[in-house]
Structure formats: structure tokens, C-alpha cells
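[1] Provide a 3D model corresponding to the input given below.
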Amino acid sequence: MNKITQDAQLRQSFISYAKKHGVTAASRKYHVSRPTIYYWMKRYDGTFKSLQNISSRPHHHPNQHTPQEIALVMRMRRMNKNDGLVILWVKLTRKGYKRNITSLYRVLRRLELKQEKLPNPKYIPKPYEQMQYPGQRIQIDVKVVPRVCIASKETNQRYYQYTAIDEYSRWRFVEAFQEQSTYSSAVFLEHLIKAFPYKIECVQTDNGLEFVNSFNSKRRKSTLFQDHLESHGITHKLIKPFTPRHNGKVERSHRKDNERFYARRTFYSFEDFSKQLKRYNRENYNNFPMRPLEWKTPQQVLKSFLLKV
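    Below you'll find the predicted structure:
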């Protein structure tokens with residue numbers, strides 16, 4: 001039962017009660033004012049329809065859209081189905097339309113002339129280049145260790161995690177450093193070359209100052225890190241600025257480190273951090289099965305490639 005029917009039945013009830021027991025008694029029983037009861041008793045003619053609310057909406061508004069304006073709006077909407085409200089309003093004003101944008105919105109809603117939005121063009125990423133053998137390309141990045149993990153009372157104490165990932169096997173090499181600099185990057189590269197069992201052809205990094213001087217107008221010469229790359233005959237590939245997803249494998253591994261390692265560890269010294277990091281990487285990464293590797297570990301992929309050769 002809708003609200004209109006309930007209201008009408010209530011009015012019929014207190015009118016009948018008022019006729020038998022008086023208006024005052026009906027007012028107390030139904031919690032309705034005496035003037036209201038008198039009003040509906042005067043309206044009531046014995047039919048249920050007379051107890052319904054009468055709409056106060058005017059039949060005609062002196063400032064409503066004229067038939068000519070309605071026709072103009074409908075014609076322009078048919079011609080510009082995909083335009084939004086503002087663009088349509090601007091086009092209408094150029095055709096002589098004098099109403100404001102709020103009036104246009106109301107008439108469009110009343111006539112149900114909705115905008116037909118075009119589907120957004122689907123983003124189709126470029127197919128990612130698949131590496132064919134270990135060492136073909138290695139991603140390198142640096143992660144700042146969360147300050148809450150460091151037990152030292154020195155507020156300026158910082159530790160850094162240098163990370164390298166072979167794109168073919170997902171084999172990862174990490175090392176702890178106390179500074180983020182081109183010198184640390186060069187040292188890390190030398191240790192990586194000794195640890196990785198295959199020749200490294202290409203190294204991919206972002207444009208950080210620990211790797212390059214590209215964004216420093218005063219220092220355009222190559223960094224110590226780049227000099228070491230050149231001395232080993234390794235190609236240096238830079239990703240597009242402000243697009244860390246191009247270094248996605250190493251960036252994703254850093255997110256996993258936050259969940260699996262840094263969220264539950266405390267480091268009481270730099271030596272403690274270095275030991276915990278190496279143990280975690282050995283047990284929970286290089287010997288951990290991965291879905292992209294068909295549930296093999298990075299170590300297993302490296303060994304299987306060696307057997308193929």
C-alpha cells in the first residue's frame with residue numbers, strides 16, 4: 001500500500017470518528033490539529049478521491065521554454081549526441097539560445113535527452129620484449145629502507161638496498177649500502193658481475209643521479225657507474241623519465257620486500273641489516289617458486305639453461 005492511500009484512509013478514519021465523538025476527541029486520538037480535521041471534513045464528499053492530496057504544481061510557468069526553444073534543443077541534441085552539457089549549451093547560445101545552463105539541464109532531463117558517451121579507447125600496451133637468455137638485460141634499482149625498521153636513535157641514519165634482477169630468469173642480487181651514490185652503484189655493479197654466472201650484456205636503470213647525470217646541467221660527463229659499465233662492455237639502457245613501470249620487475253620485487261621482509265624486521269646495525277637482507281634474498285627469492293617461471297625458482301631456471309647449453 002502506497003503512502004497516498006494510507007493518508008487517505010487515515011483522513012477517512014478521523015473524519016468518521018469526529019462525526020461520532022466530536023472534532024476535539026478526534027484531534028486527541030489521531031494527533032491531528034482541529035483546523036486540519038475541519039479542512040478535510042469540508043473537502044470530503046463521500047468519495048475516496050476527495051481525500052487525496054491536490055498537486056500544487058502550476059499548470060503553466062510563465063518562464064518555461066517555448067515550443068521553438070524546445071525544437072532547437074531537440075535538434076541540436078540529435079546533431080550533437082556525444083557532447084556534454086557545457087559544450088551543447090555553448091553551441092546553442094551561438095544559435096540564439098538565451099537560457100542559462102541550469103535551465104538547459106532541466107529541460108534535457110525532462111525530455112530525457114541524455115548524452116551518448118563514446119566508449120573510452122582501450123589502452124593496448126606494447127608487447128613486452130621477452131629475453132631469450134640470462135644476462136641479456138638486467139634491471140637495477142635502489143630502495144630506501146623504511147626508517148621504522150632501523151633501531152638506531154640517530155634520526156639521519158639511512159640504509160639502502162641495491163637490487164638487480166635478470167629479466168630472463170628473475171634471478172636477483174641484492175646488497176646493503178649506507179649511501180645512495182654513483183660510487184655505491186659502481187661497487188654494486190662490480191659485485192653483481194662477480195656473482196652472476198653469465199656475461200651481462202645490458203643493464204637497465206632509471207634516471208637517478210646515482211646512475212647518470214642526465215638532469216644535472218652542471219655535470220654532463222659520465223658517472224663512475226657508467227664508466228664501469230663501459231669498461232666491461234655492458235650497454236646502459238635508461239627508461240623513460242617518470243615511468244617506473246618500465247623497470248617493473250625490480251619495482252615489483254621491492255613491493256614484495258615491503259610485505260615479506262621490512263614489515264616484520266628490525267635492524268640494530270648496518271651489519272645486521274646486511275646479513276638479514278642476504279639471507280632473505282637467498283631463502284625467499286632466488287629459491288622461491290614463481291608463476292611467471294611456471295612455478296620454478298630463479299636458481300632452477302639458471303641451472304636448466306646451463307644444461308641446455
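[2] Contacts for stretch 94-107 next, please.
    With contact meaning Cβ atoms under 8 Å, 6 or more residues apart in numbering, stretch 94-107 is reached by H65, E69, I70, L72, V73, M76, L85, V86, L88, W89, L92. (Glycine included, C-beta is placed from N, CA and C.)
[3] Just the buried residues from these, in ChimeraX please.
    A single ChimeraX command selects the buried members of the contacts of stretch 94-107 (16 or more other Cβ atoms under 10 Å):
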select :65,69,72,73,76,88,89,92
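[4] which of the contacts of stretch 94-107 sit farthest apart?
    For those, the maximum inter-member distance is 20.0 Å, found between I70 and V86 (Cβ to Cβ).
[5] Not counting sequence-adjacent ones, nearest residue to P298?
    The shortest distance from P298 to any non-neighbouring residue, by Cβ to Cβ, 6 or more residues apart in numbering, is to W171 (4.0 Å).
[6] which ones are touching that neighbour?
    Counted by Cβ under 8 Å, 6+ apart, W171 has contacts P134, I165, F196, N286, P298, Q299, V301, L302.
[7] hang on, the fifth one packs against E167?
    So the one you mean is P298. No - the criterion here is Cβ atoms under 8 Å, and P298 misses it with E167 at 11.2 Å.
[8] what residues does stretch 118-136 touch?
    Contact with stretch 118-136 is made by 82, 137, 166-169, 171, 196-202, 302, 305, as judged by Cβ under 8 Å, 6+ apart.
[9] typo on my end, it should be stretch 280-289
    W171, R172, F173, V174, S253, R260, F261, W295, K296, T297, P298, Q299.
[10] JSON lines for the contacts of W171, including distance to D272, secondary structure and pLDDT?
    Formatted as JSON lines, the contacts of W171 follow (distance: Cβ to Cβ, whole Å; DSSP: H, G, I helix; E, B strand; the rest coil; pLDDT from 0 to 100):
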{"residue": "P134", "distance to D272": "32", "secondary structure": "coil", "pLDDT": "94"}
{"residue": "I165", "distance to D272": "24", "secondary structure": "strand", "pLDDT": "97"}
{"residue": "F196", "distance to D272": "26", "secondary structure": "coil", "pLDDT": "94"}
{"residue": "N286", "distance to D272": "21", "secondary structure": "coil", "pLDDT": "91"}
{"residue": "P298", "distance to D272": "25", "secondary structure": "helix", "pLDDT": "93"}
{"residue": "Q299", "distance to D272": "26", "secondary structure": "helix", "pLDDT": "91"}
{"residue": "V301", "distance to D272": "31", "secondary structure": "helix", "pLDDT": "93"}
{"residue": "L302", "distance to D272": "29", "secondary structure": "helix", "pLDDT": "91"}
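[11] Which one of these is nearest to Y17?
    I165 (84.8 Å).
[12] Quick check: that closest one vs I239, distance?
    Distance, I165 to I239, using Cβ to Cβ, to the nearest Å: 14 Å.
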